[in-house]
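**Student:** just a sequence and a predicted model for now, questions to come.
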Amino acid sequence: MTMDQLQDLGTMQRRFALPKLIDLVCRRVRWNSVEVRGNTALLAALARTCRAWSDIALDNLWHTIFGISSLVRCMPQDLWCLERGVLTLRRPLIASDMHVLRKYASRVRVLDHKECPGSFVQAHASIYQVLMLFSNDCLLPRLEELCFCYPIDTVNGLSELIETVARNCHTDSLRNFKLFYPISSDVAFSTVLRPLLKFHELEHVDIGDFFATKLTNEEVAEIASSLPNIQSLSLPFRAKDIGPPFLDWDHSLPTLSILLALAKCTKLRNLSLEIDASDEAVRHILWKKLDKERIRNYSLRTLSVGWSPISHKEFVASFLSDVFPNLEDVDSSLAIGRDDERRYHRWQYIGRVLLPMFGWMREREYERMGGSAGSYNDTMEDEGGDWLDGGNWDRRSLTTGQDSF
């Protein structure tokens, strides 16, 4: 290699190294500014320094925004007005307005929309409606994380919000979605979740606990098949005392068998879902199915079940231990203070006693066999809570009888 070639190579290396160095500086400034929410003056100054800094600094400046008011305020001042902390539009949008908005919206990676007290400006709901009607393409193509926590009164309003998200976010970019919208009326699966299932790269989905949403086995199975990369899935629990008094909530829940569909999500580590674990017919179907095929998910670590009905806790524990061998924690804390706290105690007993016991038995069997663990159903609980040697019994013995508590 000649001296000229070496000099050219050094020039190229410096040329590629400079943007990385600028990005490193801007990221450090952004991380520091996040600690003081909204303190982005330094990044804005860096963006005005020179052309080399402009694009990289703007990417970091718009990386995380709290609501869309900052985007709207970048458009011409005759378009919007601010009254009592609420941003509204003065006139209809025109094409040049949207050009300015797209210039900055395309850089947004995180949109955290919350009801912010104090000095933070809120955009009026009508602005979202106007943007949804006016935009013909994706406004937030690089958005990776979206969080909404804001009061809403109607199901139609929630439906419009979800439609806006589905329309203005790229299907391959969105990774995290959080929604906390207290609603007192019943919300259908098709309204809240189905429009999100086109985002196949979603890794974290968290739907707030205050919906009166009912999910069927088929709907949960659709979620599992549509989100192969899901790592954390939190589906809504029933809010206390929500719903008509004649509705049989327990038997409108997905059954224990739906966990077999979710077991196919091989990256799933945290799951929050209310299920009906009290159906005897389902228990008989499950032990037959598990005896015929081996279904394992080694990724799940935590399971939150809310106020899920449960009976025959020994069978439920055996089922969970078989399908999710690495399950470490079962949480039913939402059942505390309810009319029937036996559900809480049964789920806690599974998490604190039965799952560790089955895990210990599996390890001992693995050591004894010198290979893959075989059946570890060698003990059972008597009425007093002691453990007895039951010989070689199977799950069928766990599907009958009564719980001691």
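**Tutor:** Ah, there it is.

**Student:** can you list the buried residues in the helix or strand hosting Met361?
**Tutor:** Using DSSP states H and E, Met361 sits in helix 355-369. For helix 355-369, a neighbour-count test (16 or more other C-beta atoms under 10 Å) marks 355, 357-359, 361-362, 365 as buried. Bear in mind the C-beta positions are built from the backbone N, C-alpha and C, glycine included.

**Student:** of these, closest to Pro92?
**Tutor:** For the buried residues of helix 355-369, the residue nearest Pro92 by C-beta to C-beta is Leu355; the value is 60.1 Å.

**Student:** name the helices or strands packed onto the helix holding Met361?
**Tutor:** Counting by 3 or more C-beta pairs under 8 Å, 6 or more residues apart in numbering; DSSP states H and E, the packing neighbours recorded for helix 355-369 are helix 313-323.

**Student:** for the helix it packs on, packing partners?
**Tutor:** helix 258-262, helix 280-292, helix 342-349, helix 355-369.

**Student:** and of those helices, who's closest to Leu233?
**Tutor:** Proximity of the helices and strands packed on helix 313-323 to Leu233 was assessed by C-beta to C-beta; the nearest stretch is helix 258-262, lying at 7.6 Å.

**Student:** and that closest one, how far from the chain's centre?
**Tutor:** The chain centre lies 17 Å from the centre of helix 258-262; the measure is C-alpha atoms, centre = their mean, to the nearest Å.

**Student:** against which helices or strands is it packed?
**Tutor:** Helix 258-262 sits against helix 217-226, helix 313-323, with contacts defined as 3+ C-beta pairs under 8 Å, 6+ apart.

**Student:** now do the helices in the protein.
**Tutor:** 3-35, 41-47, 51-61, 69-72, 95-105, 125-134, 155-168, 189-192, 217-226, 258-262, 280-292, 313-323, 342-349, 355-369 (DSSP state H).

**Student:** could you dump those helices to a markdown table with distance to Pro141 and mean pLDDT?
**Tutor:** Shown next, in a markdown table, are the helices of the chain (distance: least, C-beta to C-beta, whole Å; pLDDT from 0 to 100):
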| stretch | distance to Pro141 | mean pLDDT |
| --- | --- | --- |
| helix 3-35 | 20 | 66 |
| helix 41-47 | 20 | 86 |
| helix 51-61 | 13 | 90 |
| helix 69-72 | 14 | 86 |
| helix 95-105 | 8 | 85 |
| helix 125-134 | 15 | 69 |
| helix 155-168 | 9 | 74 |
| helix 189-192 | 24 | 67 |
| helix 217-226 | 21 | 90 |
| helix 258-262 | 30 | 93 |
| helix 280-292 | 43 | 84 |
| helix 313-323 | 38 | 94 |
| helix 342-349 | 43 | 90 |
| helix 355-369 | 44 | 86 |
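
**Student:** export the ones you listed to a markdown table and tack on distance to Gly306?
**Tutor:** Shown next, in a markdown table, are the helices of the chain (distance: least, C-beta to C-beta, whole Å):
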| stretch | distance to Gly306 |
| --- | --- |
| helix 3-35 | 32 |
| helix 41-47 | 42 |
| helix 51-61 | 39 |
| helix 69-72 | 35 |
| helix 95-105 | 37 |
| helix 125-134 | 31 |
| helix 155-168 | 21 |
| helix 189-192 | 17 |
| helix 217-226 | 14 |
| helix 258-262 | 14 |
| helix 280-292 | 18 |
| helix 313-323 | 15 |
| helix 342-349 | 9 |
| helix 355-369 | 18 |
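
**Student:** shouldn't Leu235 be in contact with Leu215?
**Tutor:** Yes - the pair Leu235 / Leu215 is scored as a contact, 6.5 Å apart, by C-beta atoms under 8 Å.

**Student:** mind listing the shared neighbours of those two?
**Tutor:** Residues touching both Leu235 and Leu215 (C-beta atoms under 8 Å, 6 or more residues apart in numbering) are Leu273.
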